[in-house]
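Asks: Quick one: sequence plus predicted model below, questions after.
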Amino acid sequence: MPALNRSQTRIFLVVFVLFAISISQAIWAASSSHENEAVGVAAWEQVYSVLVSPRCINCHTATNYPQQGDDRHRHFANAVRGPDGIGVPGLTCFSCHQDRNADSTGVPGGSNWHLAPLSMQWQDINDRPLSSAAVCRALTDRSKNHNMDGAALLKHHSEEALVLWAWNPGLRPDGSARTLPPMSHEDFVAATRTWVGAGTPCPRGK
Ligand code: HEC
Ligand code: HEC
């Protein structure tokens, strides 16, 4: 092979340098998106720990009834879901639940108190919480979540009355205070923001 003349060498060097730059950029992008995903999944695990806590999951059931208490037992008085999650004529949720907590009687309350639709169930029909990966998939499936994108989920977690209720859940009928989710509302919103910022990644697996 004849030796390269000077201008050929220069072209070769330029091409080589451009090639090296693009390779290193690709590696950097791949590793930083990987890092971003790891940060997002870690934030999701925090979000998940709140979703499956009793104050939230008691309304996100897979059955025809809401649940009560930290042991998530079936709602008393045979309160049932009904076709729209608001109970049945004669025994709607609103016959007992008002738009605020009634601490004198121990009936919790919040704006438009009713069960989440079955598409938003976070437990199985035996009342066992679904896995983190399964809840994440359901939450990010726009055919199941009333077409919410990441921004809408963040808004829901920041402002929705029934979400806010979980941090102000009032007194039980025996006068003791209901327990709170495992972190503050502020930290929950911050974790949701990090997860949404990372593109709502879900953990792998079932
Ligand atoms: C007959 C009155 C009555 C009806 C009807 C009723 N509830 Fe309740 N509900 C109560 C009372 C009282 C409590 C508090 C029980 C306790 O804390 O031990 C309660 C508690 C709850 C809780 C538990 C909160 C928690 O985290 O512990 C949820 C969730 C709930 N109701 C949802 C519903 C939904 C949804 C409907 C309609 C499908 C409904 N309820 C219908 C009276 C009623
Ligand atoms: C009193 C019942 C009730 C409680 C308590 C409740 N939710 Fe819900 N949740 C609902 C209902 C009803 C909907 C459906 C709203 C709609 O029609 O769009 C819903 C929808 C959602 C959605 C929409 C997306 C989806 O796929 O599920 C999210 C996210 C959510 N709730 C989060 C929470 C969190 C977090 C908590 C606790 C901090 C909570 N909810 C507590 C009733 C409840």
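Replies: Arrived safely, thanks for sending. Ligands and ions are numbered 1, 2, ... in the order given.
Asks: Just the mean pLDDT for stretch 54-68, thanks.
Replies: Stretch 54-68 carries an average pLDDT of 98.
Asks: Where do the helices of this structure begin and end?
Replies: For the chain, the helices defined by DSSP state H cover 6-51, 54-57, 132-139, 150-159, 161-165, 185-197.
Asks: buried stuff in the third one?
Replies: For helix 132-139, a neighbour-count test (16 or more other Cβ atoms under 10 Å) marks 132-136, 138-139 as buried. Just so you know, the C-beta spots here come from the backbone N, C-alpha and C atoms, and that holds for glycine as well.
Asks: Okay, angle between that helix and helix 185-197 too, please.
Replies: Between helix 132-139 and helix 185-197, the angle comes out at 80 degrees (axes from the mean of the first three to the mean of the last three Cα atoms, to 10 degrees).
Asks: contacting residues around helix 132-139?
Replies: 44-45, 48, 51-52, 119-122, 129-130, 144-145, 153, 200, 202-206 (Cβ atoms under 8 Å, 6 or more residues apart in numbering).
Asks: Would you mind writing the ChimeraX command to select the buried ones in these?
Replies: A single ChimeraX command selects the buried members of the contacts of helix 132-139 (16+ other Cβ under 10 Å):
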select :44,48,51,52,120,121,122,129,130,144,145,153,200,202,203
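Asks: Which ones, among the contacts of helix 132-139, also lie beside ligand 2?
Replies: Counting by Cβ under 6 Å from any ligand atom, 51, 120, 144-145, 153 from the contacts of helix 132-139 sit close to ligand 2.
Asks: near ligand 2, which residues of this protein show up?
Replies: Contact residues, the chain versus ligand 2 (Cβ under 6 Å from any ligand atom): 50-51, 55-56, 59-60, 85, 113-114, 116, 120, 138-139, 144-146, 148, 153, 156-157, 162-163, 165-166, 181.
Asks: which of the residues you listed count as buried?
Replies: 50-51, 55-56, 59-60, 85, 113-114, 116, 120, 138-139, 144-145, 148, 153, 157, 162-163, 165-166, 181.
Asks: out of those residues, which touch ligand 1?
Replies: 55, 59, 114.
Asks: Run the chain-centre distance for the helix or strand of the chain with the lowest mean pLDDT.
Replies: Scoring the helices and strands of the chain by mean pLDDT, DSSP states H and E places helix 6-51 at the bottom, with a mean of 86. Chain-centre distance of helix 6-51: 28 Å, with Cα atoms, centre = their mean, to the nearest Å.
Asks: quick check: angle from that helix to helix 132-139?
Replies: Orientation of helix 6-51 against helix 132-139 (the same axes, to 10 degrees) gives an angle of 90 degrees.
Asks: Now do stretch 129-146, average pLDDT.
Replies: What stretch 129-146 shows for mean pLDDT is 97.
Asks: likewise stretch 113-122?
Replies: Average pLDDT, stretch 113-122: 97.
Asks: and it, how far apart are its ends?
Replies: Distance between the two ends of stretch 113-122: 18 Å, counting by Cα to Cα, to the nearest Å.
Asks: Identify all contacting residues around that stretch.
Replies: Applying Cβ under 8 Å, 6+ apart, the contact partners of stretch 113-122 are 51-52, 56-57, 59-62, 66, 81, 84-87, 93-94, 97-99, 129-130, 135, 138, 143-145, 162.
Asks: Nice, that's everything, thank you.
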